[in-house]
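# Predicted structure and sequence below. I'll ask about it afterward.
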Amino acid sequence: MSDQLLECAVVGLGMGEQHARALLQDPRCQLKYVVDFDQSKARKFIEDNHLTDVGIRSFSEVVEDKTINLITLASYDDHHYEQTLQCIKHLKHIFVEKPLCQTLNQLNNIHTHWKDTQVELSSNLVLRKAPLYIWLKDFIQRGELGEIYSFDGDYLYGRVQKITEGWRKDIENYSVMQGGGIHIVDLMLWLTGQKPCSVSSTKNKIATQNTSFRYHDFHSAVFTFPSGLIGRVTANFGCVHRHQHVIRIFGTKGTFLYDDLGPRIYWNRDEEGKPEFLPYAPKPPANQKGALVHNLVDNIMQGKSSANTQREFDLMSVVLAADESMSYVKPLTIEYFTC
């Protein structure tokens, strides 16, 4: 459909406002409808941006509208599964905020309905657009760090009020790994080019005890890979720290670190040795939080690319297995859904 304008709808105008702005900036797209529980928010968005051709509809109306090609989903986490499933059944391309769904059974059901369609599906994992990690992916692939034997990442949420006072405390089965740690897991899979075979997890709820948040606020997962690589990822939502992430990648030739001191590589073991600091930004620009929408549009225009959608299924297989493994005494084998 390379010569066809994509008719689009945005569901949820929190983070979805960034989706809408990305669609408005893309000449291949036409934003037709916005959806939000709070219609006054939808009206304000339309008025503030002088969008005289954009209407306000319900989700059921836009998913059943045969003129709509692409729907972006920025609703609450516990709505993603059913809305994604409805989009697939109505053959709409989908851009969804993480997580795609909340359980392995849900993921299996999405995959079952998706696999015989031409629907493109992508999630908004914003660190994929960070200049630092785009550079680092190529650097690792060239073997510059040697053989990677350990990936270590922490997602430091630092905004505890969002889970103790906001919507996250009210939805069913909220997961900090799905809600934040997923960014680090995504980097682990993408940067190493490998998929783990098993995972073991543990959790606690100390930082938010005696608050209205009902779920664990700290999750630590250890992943094993067929190559011998070991990954450790934490989702730390109760930390006393600014919103940040920390990455440590250990190779046989060098060690990459990103933390509050900035991104750098250590090339030797000398006590007085200094690292090589890197000039790349570890996060995408603030005005590009919806930039991955353009990548999805590229895929739609070029025809189905199962490798891109497979990445989303692989990521969710790993994240959901990490949540599932907390109820197992021994490591849980990760099962993947192949396209």
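Structure received.
# need the contact list for Leu187.
Under the criterion of Cβ atoms under 8 Å, 6 or more residues apart in numbering, the contact list for Leu187 reads Leu127, Tyr133, Gly153, Ile247. Placement of C-beta: from N, CA and C, glycine included.
# export the residues you listed to JSON lines and tack on secondary structure?
Below are the contacts of Leu187 laid out as JSON lines (DSSP: H, G, I helix; E, B strand; the rest coil):
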{"residue": "Leu127", "secondary structure": "helix"}
{"residue": "Tyr133", "secondary structure": "helix"}
{"residue": "Gly153", "secondary structure": "strand"}
{"residue": "Ile247", "secondary structure": "strand"}
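# Need the max-distance pair from those residues.
When the contacts of Leu187 are compared pair by pair using Cβ to Cβ, the two farthest from each other are Tyr133 and Gly153, 11.3 Å apart.
# Just the residues contacting stretch 90-98, thanks.
6, 12, 15-16, 19, 63-64, 68-75, 80, 83-84, 87-88, 117-125, 178-179, 182-183, 292-293, 296, 300.
# can you give me the end-to-end distance of that stretch?
In stretch 90-98, first residue to last residue: 21 Å (Cα to Cα, to the nearest Å).
# Please renumber the chain so that the first residue is 20 from this point on.
Understood, numbering begins at 20; the last thing we discussed is stretch 109-117.
# can you give me how far that stretch is from the chain middle?
Averaging C-alpha positions (Cα atoms, centre = their mean, to the nearest Å) puts stretch 109-117 14 Å from its chain's average.
# Can you say which of the contacts of stretch 109-117 are buried?
Under a neighbour-count criterion of 16 or more other Cβ atoms under 10 Å, the subset of these counted as buried comprises 25, 31, 34-35, 38, 82, 87-94, 99, 102-103, 106-107, 138-144, 197-198, 201-202, 311-312, 315, 319.
# among those residues, which are in strands?
The strands, defined by DSSP state E, take in Leu25, Leu89, Ile90, Thr91, Leu92, Leu140, Ser141, Ser142 from these.
# Cys258 belongs to a strand?
No. Residue state for Cys258 (three-state DSSP) corresponds to coil; a strand is not indicated.
# what's the neighbour count on it?
The local packing count at Cys258 equals 19, with neighbours defined by other Cβ atoms under 10 Å.
# any chance you could map the helices in the stretch 120-269 of the chain?
Assigned helices in the stretch 120-269 of the chain, in chain order: 123-133, 150-160, 180-183, 195, 201-211 (criterion: DSSP state H, counting those that start in this stretch).
# Any chance of JSON lines for those, columns mean pLDDT and distance to Ile249?
Written out in JSON lines, the entries for the helices of the stretch 120-269 of the chain read as follows (pLDDT from 0 to 100; distance: least, Cβ to Cβ, whole Å):
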{"stretch": "helix 123-133", "mean pLDDT": "96", "distance to Ile249": "23"}
{"stretch": "helix 150-160", "mean pLDDT": "98", "distance to Ile249": "16"}
{"stretch": "helix 180-183", "mean pLDDT": "96", "distance to Ile249": "29"}
{"stretch": "helix 195", "mean pLDDT": "98", "distance to Ile249": "21"}
{"stretch": "helix 201-211", "mean pLDDT": "98", "distance to Ile249": "11"}
